[in-house]
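S.K.: Fold the following for me, if possible:
(one chain, ligands or ions: 1)
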Amino acid sequence: MADIRNIVILTGAGVSAESGIDTFRGGGGLWEKHRVEDVATPEAFARDPDLVLRFYDMRRAAIQEKEPNRAHAALARLDAEWPGDLLIVTQNVDDLHERAGARRVLHMHGTHLNAWCTACDARSRWTGPLIDRPPCPACGARALRPDVVWFGEMPYEMERIYGALQAADLFVSIGTSGAVYPAAGFVREARELGTQTLELNLERSQGSAWFDETRLGPAGELVPAWVD
Ligand SMILES: CC(C)NC(=O)[C@H](Cc1c[nH]c2ccccc12)NC(=O)[C@H](CCCC/N=C(/NCCC(=O)O)S[C@H]1O[C@H](COP(=O)(O)OP(=O)(O)OC[C@H]2O[C@@H](n3cnc4c(N)ncnc43)[C@H](O)[C@@H]2O)[C@@H](O)[C@H]1O)NC(=O)OCc1ccccc1
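M.R.: Numbers count the residues shown, from 1 in each chain. Next comes the predicted model:
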């Protein structure tokens, strides 16, 4: 790591799997139980808001019972000690990176902690099941949705992410299948910029061919081994 100053780390559902949070694809994955287009698109929300709100109320309740694992803890240690630039770009809506102590975290697909008012556009702390239509703390309208990025919607802080990728000496991808864009395209951006690239994943992903190195195994083992 001698010549590495700035690091961008992309994480996906695989980094939270050992905390007991369902991943999306693969056996028992979320998308096996719910069709993406039925629960994670603006069209689905317009068509059947109750189905969508119940889906996210369920996920939020599940996340709150879970604890960070050794991969989250190791990344929090690295974040605390790394003298150069470091940005953890997560596709996850859970807050396990922050609960492990990481600070330099960006949720490109939103977070389960916030609600978003479709009447006044305000973001607010998610207080209770959205299926009960709680009033927006800012305007009082009963028009809250989860503050997550649905398919077809623009991910958050893309400029900041591309800026960090431009400045990075090392791009590390942890626990993601490389199936969802624009996140799945970051390794190609990094490669075109001549940045070193490393993948830590349980199995080969759709982007493995683009990485300089791929280490296979559970994040709870690979990440502490890489950090320490
Ligand atoms: C399905 C796919 C083909 N479709 C897309 O990518 C679409 C359309 C699209 C855009 N560009 C394209 C280009 C080509 C093709 C399609 C597109 N993308 C969009 O709609 C995006 C928005 C996508 C975001 C949708 N919201 C999510 N989440 C929030 C909500 C919610 O959570 O409910 S996506 C959601 O699914 C994705 C799931 O992927 P993973 O996290 O990787 O999880 P997965 O289960 O798939 O894999 C887990 C991996 O972990 C590994 N693993 C398991 N256990 C462990 C373990 N223990 N240790 C280590 N690894 C482990 C497994 O081996 C596996 O590899 C994550 O991104 C997650 O956030 N928006 C957009 O494009 O806007 C316009 C735009 C954008 C930029 C610039 C201009 C215009």
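S.K.: quick one: stretch 152-165 near the ligand?
M.R.: Yes: legend: contact between stretch 152-165 and the ligand by CB under 6 Å from any ligand atom is shown at 152, 153, 154, 155, 158. Backbone N, C-alpha and C define where each C-beta goes, glycine included.
S.K.: May I have that stretch as CSV, with CA atoms only?
M.R.: The C-alpha coordinates for stretch 152-165 follow below in CSV (Å, rounded to 0.1, in the frame of the first residue of the first chain):
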residue,chain,number,x,y,z
GLY,A,152,-34.8,4.4,-13.1
GLU,A,153,-34.0,7.0,-10.5
MET,A,154,-30.6,8.8,-10.4
PRO,A,155,-28.3,7.7,-7.6
TYR,A,156,-27.2,10.2,-5.0
GLU,A,157,-24.0,12.3,-5.1
MET,A,158,-22.7,10.9,-8.4
GLU,A,159,-20.4,14.0,-8.9
ARG,A,160,-18.8,13.4,-5.5
ILE,A,161,-18.3,9.7,-6.4
TYR,A,162,-16.8,10.4,-9.8
GLY,A,163,-14.5,13.1,-8.2
ALA,A,164,-13.3,10.5,-5.7
LEU,A,165,-12.7,7.9,-8.4
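S.K.: Name the residues of it that come out as buried.
M.R.: Judged by neighbour count (16 or more other CB atoms under 10 Å), stretch 152-165 contains these buried residues: 155, 156, 161, 164, 165.
S.K.: Name the nearest of the residues you listed relative to the ligand.
M.R.: Minimum separation from the ligand among these (CB to the nearest ligand atom) is found for residue 155, which lies at 5.5 Å.
S.K.: that's a strand at the closest one, yeah?
M.R.: No: residue assignment for residue 155, taken from DSSP: H, G, I helix; E, B strand; the rest coil, gives coil, which places it outside any strand.
S.K.: Relative to residue 73, how far out is it?
M.R.: Residue 155 sits 26 Å away from residue 73, taking CB to CB, to the nearest Å as the criterion.
S.K.: Roughly how far does the residue of the chain at minimum distance from the ligand sit from residue 220?
M.R.: Scanning the chain for proximity to the ligand using CB to the nearest ligand atom identifies residue 14 as nearest, at 2.4 Å. Distance from residue 14 to residue 220, counting by CB to CB: 10 Å.
S.K.: Now the common contact residues for those two.
M.R.: Residues touching both residue 14 and residue 220 (CB atoms under 8 Å, 6 or more residues apart in numbering): there are none.
S.K.: ok, those two, which is more surrounded?
M.R.: The residue with the greater number of neighbours, taking residue 14 and residue 220 and applying other CB atoms under 10 Å, is residue 14; the counts read 24 against 18.
S.K.: which residues touch the closest residue to that one other than its chain neighbours?
M.R.: With CB to CB, 6 or more residues apart in numbering as the measure, residue 175 is the residue that lies nearest to residue 14, at 2.3 Å, once sequence neighbours are left out. Residues counted as contacts of residue 175 (CB under 8 Å, 6+ apart) are 11, 12, 13, 14, 15, 16, 17, 71, 200, 201, 202, 219.
S.K.: Try it again at 10 Å.
M.R.: Residues counted as contacts of residue 175 (CB atoms under 10 Å, 6 or more residues apart in numbering) are 10-18, 23, 71, 90-92, 199-202, 205, 218-219, 222-223.
S.K.: And residue 206, by the same measure?
M.R.: For residue 206, the contact set (CB under 10 Å, 6+ apart) comprises 176, 177, 178, 179, 180, 184.
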